[in-house]
Structures are given as structure tokens and as C-alpha cells.
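Student: coordinates only, sequence not included:
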């Protein structure tokens, strides 16, 4: 079974631009979560989707948004990029995202904002 | 408010010895705990988990211990190998008002040959 796939792996954007990152979950998984990792900050929860509905959102500004499609694939978008948005963005999937459910990560998308 | 804390940013251990990584949590609603391992430029890889109804779970060289009264869990790696050198993240989930897994800041483990 293929793992979580994220595209693109690396990208460089300019301040003020926007970016869209894509995630294909493990086949059969219906929950997709997004995390941001910056040095020394661990993995910060962005949001979680299940059946095309956002069920939970972390403490990020409204510039960060996401969506999930009917095939469980997900995208996240960051508008009006700031230098501080430079980070590794990780997508994770699980069966249904309920408690006691293990999430599995993709390799991440490295975003550099210049 | 950090609900999952890994207070040791790094740990250095000799090959063959035991590595003990610690994690504390503050939210008593957490009922499922996980450990992930992360190499540079890769996504975190799931290692081992434990539910709150247990106090120990073992998988090969990896054992996780849970002390609910102290809100503390630890990961033991025995024996440690150079390939275990990575960042280890502790995570927790539960009926905290949403469907999310909360991570600690990570502990970088160095296993010296």
C-alpha cells in the first residue's frame, strides 16, 4: 500500500505570494491532518479534514486554509506569504481520525519564503 | 499552552546502552499516546503507541511506559544503535474537543558508536 504522498517536495516563493500544497493520503484513509514544523517548535497542528469537512483547526491565522476532496486528497493554501512561513509542511492520514487512531506522515513539503 | 512537553532537547547515549526519552502531558483527557522518529528531510515515522488502559507496550527494542497519575510517558530503546540517531517526537490524542494529535517539541538522540 502506497504511503502518504505530498507535492511539491521543495519550493521557493516570494513574500506576498500564495502557495498551494497537495497531499494524497494512504488508500482507504479518510482523515487528513496538516502540520507545520519549524526549528525548535515541534509539529504545530494546522487543521484536520474528514469527508471533505474541516473538523478542527489549530491556532494559525486565516491566511492558512485547506480543503479536502471527495477522494480524500487534500490541499492546503497559504496566502500573502511571510518570511516566517518558511517551514516543513507535513500531511498525515489515518483511517478516521478518531481517538486511538494512529496518523501516518508523508515526507513533507519544504517551503522557503524569500 | 504546550500540552505535550519534551523537556530534553537532546540526549547522547553509547551504542549498546539504553536510551530513555521522556515526555510529560498536561491534559488528563489524552488517552492515546504515540512516539515518532524523524530523520532530517523526511517525514516522521510511527514507532510505537500506547492507550491509557495500559502502562506498558513493547515492540522489539522499543518499549513505551505510561504513568497516568504522573502524566508521564517514556520511550526506552534497548540496545541503542547508531541508526537510532534521530529526533523523537512524543504525541498524544484524546477527547480534547477535537480530532487532532498534539506533538511535543522533540528530543534529538545521538547514539555514539
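Tutor: Yep, that arrived. These numbers come from a predicted model, not from an experiment. Numbering: from 1, shown residues only, chains lettered A, B, ... in the order given.
Student: From here on, just use CA atoms for contacts and neighbour counts.
Tutor: Noted.
Student: Strands of chain B, start to end?
Tutor: B:4-5, B:10-14, B:19-25, B:30-38, B:45-51, B:56-59, B:62-67, B:72-77, B:86-94, B:102-103, B:107-112 (DSSP state E).
Student: Could you do chain A as well?
Tutor: Using DSSP E, strands in chain A cover A:5-7, A:10-13, A:19-24, A:31-37, A:43-50, A:53-57, A:64-68, A:74-78, A:87-94, A:104-105, A:109-113.
Student: want to try TSV for these, with mean neighbour count, mean pLDDT and distance to residue B:70 as columns?
Tutor: TSV is the format used below for these (neighbours: other Cα atoms under 10 Å in any protein chain shown; pLDDT from 0 to 100; distance: least, Cα to Cα, whole Å):
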stretch	mean neighbour count	mean pLDDT	distance to residue B:70
strand A:5-7	20	97	38
strand A:10-13	13	97	41
strand A:19-24	20	98	37
strand A:31-37	26	95	28
strand A:43-50	24	94	24
strand A:53-57	16	92	28
strand A:64-68	20	97	36
strand A:74-78	19	98	37
strand A:87-94	26	95	29
strand A:104-105	24	95	28
strand A:109-113	20	97	37
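Student: As a markdown table, these with distance to chain B would be great.
Tutor: Listed next are the strands of chain A as a markdown table, based on distance: least, Cα to the nearest Cα, whole Å:
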| stretch | distance to chain B |
| --- | --- |
| strand A:5-7 | 10 |
| strand A:10-13 | 10 |
| strand A:19-24 | 13 |
| strand A:31-37 | 8 |
| strand A:43-50 | 6 |
| strand A:53-57 | 6 |
| strand A:64-68 | 15 |
| strand A:74-78 | 16 |
| strand A:87-94 | 7 |
| strand A:104-105 | 6 |
| strand A:109-113 | 9 |
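Student: Mind checking the ones you listed for the one nearest to residue B:40?
Tutor: Comparison of those against residue B:40 by Cα to Cα identifies strand A:87-94 as nearest, at 10.8 Å.
Student: just checking, what packs against the closest one?
Tutor: With contacts defined as 3 or more Cα pairs under 8 Å, 6 or more residues apart in numbering or on different chains; DSSP states H and E, the packing partners of strand A:87-94 are strand A:31-37, strand A:104-105, strand A:109-113.
Student: out of the ones you listed, nearest to residue A:75?
Tutor: Short answer: strand A:31-37, nearest of these by Cα to Cα, at 9.3 Å.
Student: Surely residue A:9 and residue A:109 touch.
Tutor: Yes: here residue A:9 reaches residue A:109: they are 4.3 Å apart, a contact under Cα atoms under 8 Å.
Student: if I look at residue A:85, how far off is residue A:20?
Tutor: 13 Å (Cα to Cα, to the nearest Å).
Student: Could you measure from the closest residue to residue B:51 other than its chain neighbours over to residue A:63?
Tutor: Closest residue to residue B:51 apart from its sequence neighbours, by Cα to Cα, 6 or more residues apart in numbering or on different chains: residue B:32 at 4.4 Å. To residue A:63, residue B:32 is 31 Å away according to Cα to Cα.
Student: who has more neighbours, these two?
Tutor: residue B:32 (21 against 12; other Cα atoms under 10 Å in any protein chain shown).
Student: Bridged to the more buried one, which residues?
Tutor: residue B:51, residue B:93 (DSSP bridges).
Student: Now that we're looking at it, what pLDDT does it have?
Tutor: pLDDT for residue B:32: 93.
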